[in-house]
Every structure is written in structure tokens, then in C-alpha cells.
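**Student:** Coordinates for the following, if possible.
(2 chains)
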Amino acid sequence: MSRLKIFRWRAVGPLLVLLVIAGILWWLFADTIARHESQKVGTQMLGAKVEIQKLHLDLRHGKVLISGLTIASPHEAFKNLLQADELVADIDMLPLTEKKLVVDRIVAKGLRFGTPRQTDGRVAAKSSDGIAGRVLAETREWASQFQIPVLQLATGKISIDSLDPRRLSTIPAAEALGARADSSRRAWQTAFDTLRLGPTLDSASATLERLRHARATDLAALNDGRQAIDRLKRARARVTALERGVKTGVAELQGGLAGLDSARRRDYAFARGLLKVPSLDAPAIGAALFAPGALKPFERVLYYAQLARRYMPPGLLPRATTGPSRVRRAGEDVRFPKERALPAFLLRSAELSFLLHPTSDQPQQYAGRLTGLTSEPALYGRPTVFGASGPQLAAGAMLNHVRAIPVDTAGATLGGIMLPAFEVPGVPLRLDPGAATTQLGFALNGDTIRARFAIRSTNVRWTRDSGFANSTIANLIWRAVSGISNLDVESRLSGALHHPDLAVRSNLDQAIASRLRAVLGEQVAAAEKQQRDRVDALINDKVGPVRARVNEVQTQAQARVAQQRARLEDVQKQLEQRLRELTRIRLP
Amino acid sequence: MFVLIKLIQSLFGALHSEGTPGQLAAGIVLGSFLGLTPLFNLHNALIFAALVLLNVSFAGGMLGWALFVPIGFLGDPLFDLIGHSLLLAPSLRGLWTSLYNTPIVPLTNFNNTVVLGSLVFALLFSLPLFFATHWAVARYRVTVGERVRQSKFYRAVTASKVYNVYKMFRP
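**Tutor:** Next up is the predicted model:
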């Protein structure tokens, strides 16, 4: 029996050939594969297209050379976030065996920001898949929570929505009061009937008549007289009780009438709310004019801060992220950071040199430095710090995710940038800020945000929309602002991240507000009077008869009570008088 | 069509090779690893090298690979679940952490839920698959094997040029 061979030695040759072929393919295509993978991973991480013209791996010297890097803006369709002419990275080779990328140093040259591009480079904006897509959707939803007032000054007209009588509260209140008055009338009538004063008065009158013809010795007649007085007293007590009830009921009806007046005032307020009156409040005008533009920088900075929090979470717990895209299901990659070990990604230092205004005659050279960018800040133990400076720029940022509560701060002042001209919302004007200085301050401490964005320009230019040449308001606003050559806009954001307060002010607010108040004040008063007249016309037909009915009911009830009481008192007085006469002792 | 013919050739080549049922079953088991787990991973390079270097049925390996690729696709949700529960199990965190921070091991992508889940499934499935295949091949050869070998269809399939390539790796 022959011994079974375990190894197939003759297959070693073909296997080696296969390995050599694989080696040659790697040598030929490593750069291309690395370029494609870098583009794919970068695009997935940032939510915008990352394009690399050329990438060369020089593993022998631990270097990676990238030429022509373009990162599209995740927010703007035809704009790049940045472009770089050349990046040279020094890679630490040993951590690659642990699938960890540690970059000792990157030198980036020829960085340019906000350059135009031919194609739409947004990825996350089109699909909310992946971390970038989800973060973008969240920040958009966050930005949409702010209620920005809208100015309707284009024509300067005050429009009025139709007044629906069913929505007025006075009419149902009047109907209810009328029903209550009728009900009170019926109740009091019943109460009068149950008093049965007629028989008591008739009996007392008959007794009085008998006493008039009786003698002092007619003790039975005297006794009848006294009993009649007692009955009259009891009847008066019943009338007094009824009077108290009537008084209470009358007070309630009077209260109902006062309620009608309150309801009328509410209806006036409701009708006034139907007026589409431009806001005359300066802060509201500031928010309406500049909040849409002022929110954008906050939204963008928040996007990058939140992205950093997802990719650079604090702590050392295992964390899962979406796996690599492939034909099979991607699954999730779980990272297991370990104390005193290297993080999965670490960029120790990056030196950046970039140009601002690259197309101008004198492009300005700037320099920046980034340190400690890592996927596991708790392992690196220090925050990520960025700083850049130049003739008209001072910028800095710190992402401190070392402790459990992450703190992200950023600040930048950039002078001499040409902001694009824009239509001022709600106003037929176009504002060209010219060369402006912008300032941004941002602090996200856990879930508490404090941010400030300011634009200052001393050379603004105004142009008016010719379509509104005949508008009174447009003319007035034009006169108010066209003489203003400086612009000072400041927006502040503070509070809990999920629901912060936004305040926007500018030097234009007061100018526009005072003009509007002067012109629109009379128009607003006239429109409000018109609305009040319309309310009155609708409710007076209902309220007038009800008021008259209430007055009639209370007058009748009070008069009847008084009349009955007077009759009882009169008969009682006569009876008492006659009894006194009969029982008086006459001396001879 | 070429794939189908190749599959049939592999099937006949394996069943009627001179290899023992054990060699054929071992080849199919190794091939099942290639089919069940995501292909481009370091462990599959080792499996492929084993398939080539070990005296097992290479045709069986190709057959196992071809048969288990669709099963791998269908089983991905299950593998994802298995991998997820294993990787996030608190009791195994220490093991994964030390493996993740050990050179070379992370290159296997063991920390991917689908890779780990499918690999664990393939490992558990390998023993029943080996014995079932071993038994089935032995039964085939003693029952209908000889009649199939005499059929025109078998002769037509084995006459193609691809078969000659296979012969190079036959056990």
C-alpha cells in the first residue's frame, strides 16, 4: 500500500509563477490602485468628490506623492473646497503591517480654496447614505429649524386676508348670552309663580277690612290680624330670597355683557393678525435681511465639526463603521483601539502653504500647520490643532476629543475678501459688499453651541431693482440705505445645539425700520380701523339684540321684585297700624 | 455557458479522478471557503495556496468554490449577524483587541462582520461538508459512476481542451 503524499510539490512552480505575476501586477498598478482607493475613501468620508491626478507610492523611502488633488465642496455644486498642487507625505511603514496609517509629516503646496469646477462634486447632498450623508442631512435639518421672518416690502402694500365670521368669538358668545338671558327670565318667572303672593295679599287685605270694623274686644279679629302680619313677613322673606337670586343672576348677565366686550377685543386682535403688515421691528428686519446668509457658515462649520466627531470619537470603546463597498455585503468594520498602541490613523504634522487671491496681480502667500489629526484622540492624548496666518488672515481651530465630552473650537478673521453681490431678501435692492472682513467664532462644547459670524465692509455699493421703480416703499428704502457706505452684520448663535437661539443685527436694521415706521404707521392704523369696522359690522347685528334682551330681562325682574315687595310692605304697614289703634288703651 | 461547461467538467473530472473520496471532499471544503467568504482577503490567499500545494482535489476545490459562491451571497445577512454578535461580544473584546493590534492579523479583515461571520460559518460547516461529500462520492463511484464513465456525454465533456488544464492539477 503506497503512502499518501500530503504536498503536491510540482504545483510549487506554478504557484511561484502566480506570485511573480501578482508582484508584477502590483508594481504596474499599485499607484493606480492606491489612487482609486484614496479617491474612493476620501469621497466616502467627506461626502464630496475627491479627485487625484497622480499618486506615486515610494514605499522604499516611505513616501507618497500626490499631484493635482481636488476636493469638491459638499455644499456647493460647482465649487471646490480646496485644490492642492502637490502633497508629499512621509509614511511610517511599520504600522502598515497592523493596517494602521501613521503619517509623520505632510507638506502641501499650492493650496487654493473655493475654486470653480465644471461638474457637480457633491455626493452626500445627493444621497444620505454613509456617515457624511447622514451628517449633512442632520445639519440641513438643524438649519431649517430657524424661523426667518420674511419682509414683504416689494410693493409696500398692506394686504388683508378675508375675514371669516365663523372664526370670530363674539358671535357664539352673544348667542350663548342670549340663551342664558332667556333661561334666567323663565327661571325667575317660575320663582315668582311659586311665591304665591296673590293669596297672601288677598287674605291680608280681607283681614285688614275686618279689623277696620272690629272692636278692641274682638280678640279673634285681633288674632287673625297678627297671623296675617306673620304670613306677610314670611312672604317678604321669600321675596328677599328671590331678590338675592335675581341680583346674582343679573350680575352674571352683566358679566356676560362684559365678556362680549372682551370677545370683541379678541376679534379685533384676530382681524389685525390678518393684516400682512411688514415688520417694523429692527431686530426682525435684521434677521429677515441677513439670517439666510448668516446661517450658512454656521451650518458648514457644524457639518465639519460633526463629521470630526464621528470620525474622531472620544474614548476607547470598540466602534463600528460601514465596511468597504464590494459586490458582497459591506458589513461593518469594528475598530478595537488599545491603550498605548497606535491609532488606526494619525497625521502627526502637516505643513500647508497656500495662496489667496491667486488670480490677482499680487497673490498672497499664507502658511498653516495642522497637528495631531487622528482617528483615536484618546490614544494620541492631545487635541488636533490647526493654525494659519498671513497678511490678512488669522485662523485657528482645535478639536479636543481626548476626554469624554468633546470640545471643538474654531476662529478665523479674513480680510480683503471680495464677497459676491447678493439680492437683499424682501427688498428690491442688490448689495455689493466689496472687499470685506469676515470673522467667525465657533465653539461646540458637548452639546452647547456658541458661534458668531460677522461681516464688515466700508465700501458697499447699492443697486436697485428697476422692476420696483414706482414703489413708494422701494423709493424710501433706497433713500434710506443708498447713502450708507459701510456694512456691519453680526449674527450670534447660542444655546443647546438641538435648539439654539439665533440673533442677527446689522447697521441697516434701524435705518430701514425707522423709514418703514414713518411711512407705514398711518397705513397700518387705517388698515386696523378698517378691520375693526369689519368686525363690528359682523357682530353688531348679533350683539345689539342680545344686549337689549339682557337689559330688558334684568329690568323686568328687578321691577317686579320691587313692586311685590312694596305691596307686601304696604298691606303689612296698614295691618300693624290698625292693630295698634285697636289695642291702644283709652283713658276716660 | 463557458462557466457551466467548466463546472460540469470540474464535476465529472473530480468524481472520476483517481483521487480518493477524502481528497475530493477536502478539495470541496477548501473551495467552499473561497465561495462562502468575501474573495479578496488574506485568508483566501492561504486557502488557495493550500488548495494548490496540498494533495487534495483541485477540481473539487473549483467545484466547491463555484457551488458556494451563490450560497455566500445568500448567506451574507446571516454572516453579518454572526460577525456582529461575535465582534461586539463583551467577553471576546480582549481577544479581538489584541488581534487587532497584532501585526499582519488586521490585514485579514477579521474585524469586518461579514468576513468574520462567513469564516466562522465556513469553519463550522467544513466538518459536516467533508463527511457528507466523502460519503456521497464513495456511493456515486460504487453505484452509477462506471455507467456515467461509459456514456457519450462524459466522453464529449472530458475531450475538451479545458480538461487538459485540469489534468495538470489532478491528484
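**Student:** Is stretch A:375-393 positioned near chain B?
**Tutor:** No. On the criterion Cβ under 8 Å from any Cβ of the partner chain, stretch A:375-393 is out of touch with chain B, staying 10.5 Å away. (Glycine included, C-beta is placed from N, CA and C.)
**Student:** interface residues of chain B facing chain A?
**Tutor:** Close to chain A, as judged by Cβ under 8 Å from any Cβ, chain B has residues B:20, B:38, B:40, B:49, B:52-55, B:72-73, B:76-77, B:79-80, B:83-84, B:87-88, B:93, B:96-104, B:106-107, B:109, B:111-115, B:117, B:169, B:171.
**Student:** okay, and the helix or strand of chain B with the least pLDDT?
**Tutor:** For chain B, scoring each helix and strand by mean pLDDT, DSSP states H and E identifies helix B:161-168 as the least confident one, at a mean of 55.
**Student:** who in the stretch 451-588 of chain A is up against chain B?
**Tutor:** Neighbours of chain B within the stretch 451-588 of chain A, by Cβ under 8 Å from any Cβ: none found.
**Student:** For the stretch 451-588 of chain A, give me the ranges with low pLDDT.
**Tutor:** A:466-474, A:515-517, A:519, A:585-588 (pLDDT under 70).
**Student:** That one: strands as residue ranges?
**Tutor:** With DSSP state E, counting those that start in this stretch, the ranges of strands along the stretch 451-588 of chain A come out as A:461-464, A:487-496, A:501-506.
**Student:** Give me every residue in chain A that's in contact range of chain B.
**Tutor:** Close to chain B, as judged by Cβ under 8 Å from any Cβ, chain A has residues A:4-8, A:11-12, A:14-15, A:97-100, A:318, A:320, A:323-324, A:326, A:328-338, A:341.
**Student:** From these, keep the buried residues only.
**Tutor:** Those of those that meet the buried threshold are A:8, A:11, A:98-100, A:318, A:320, A:323, A:328-337, A:341, by 16 or more other Cβ atoms under 10 Å in any protein chain shown.
**Student:** one step back: export the strands of the stretch 451-588 of chain A to CSV and tack on mean neighbour count and distance to A:L46?
**Tutor:** Formatted as CSV, these follow (neighbours: other Cβ atoms under 10 Å in any protein chain shown; distance: least, Cβ to Cβ, whole Å):
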stretch, mean neighbour count, distance to A:L46
strand A:461-464, 16, 36
strand A:487-496, 18, 24
strand A:501-506, 19, 27
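**Student:** can you tell me which of the ones you listed comes nearest to A:I106?
**Tutor:** strand A:487-496 (32.7 Å; Cβ to Cβ).
**Student:** Contact partners for A:S128?
**Tutor:** Shown in contact with A:S128 (Cβ atoms under 8 Å, 6 or more residues apart in numbering or on different chains): A:134, A:136-137.
**Student:** from those residues, which ones fall inside helices?
**Tutor:** A:134, A:136-137 (DSSP state H).
**Student:** Residue in chain B with the shortest distance to chain A?
**Tutor:** B:V114 (3.4 Å; Cβ to the nearest Cβ).
**Student:** Make sure that residue is actually in contact with A:V327.
**Tutor:** No. Assessed by Cβ atoms under 8 Å, B:V114 is found out of contact with A:V327, at 11.6 Å.
**Student:** Comparing those two, which residue is more hemmed in?
**Tutor:** Between B:V114 and A:V327, counted using other Cβ atoms under 10 Å in any protein chain shown, the more crowded position is B:V114 (29 against 8).
**Student:** average pLDDT for the host helix or strand of that one?
**Tutor:** Element membership for B:V114, per DSSP states H and E: helix B:113-142. Computed over helix B:113-142, the mean pLDDT rounds to 94.
**Student:** again with stretch A:413-425
**Tutor:** Taken as a whole, stretch A:413-425 has an average pLDDT of 80.
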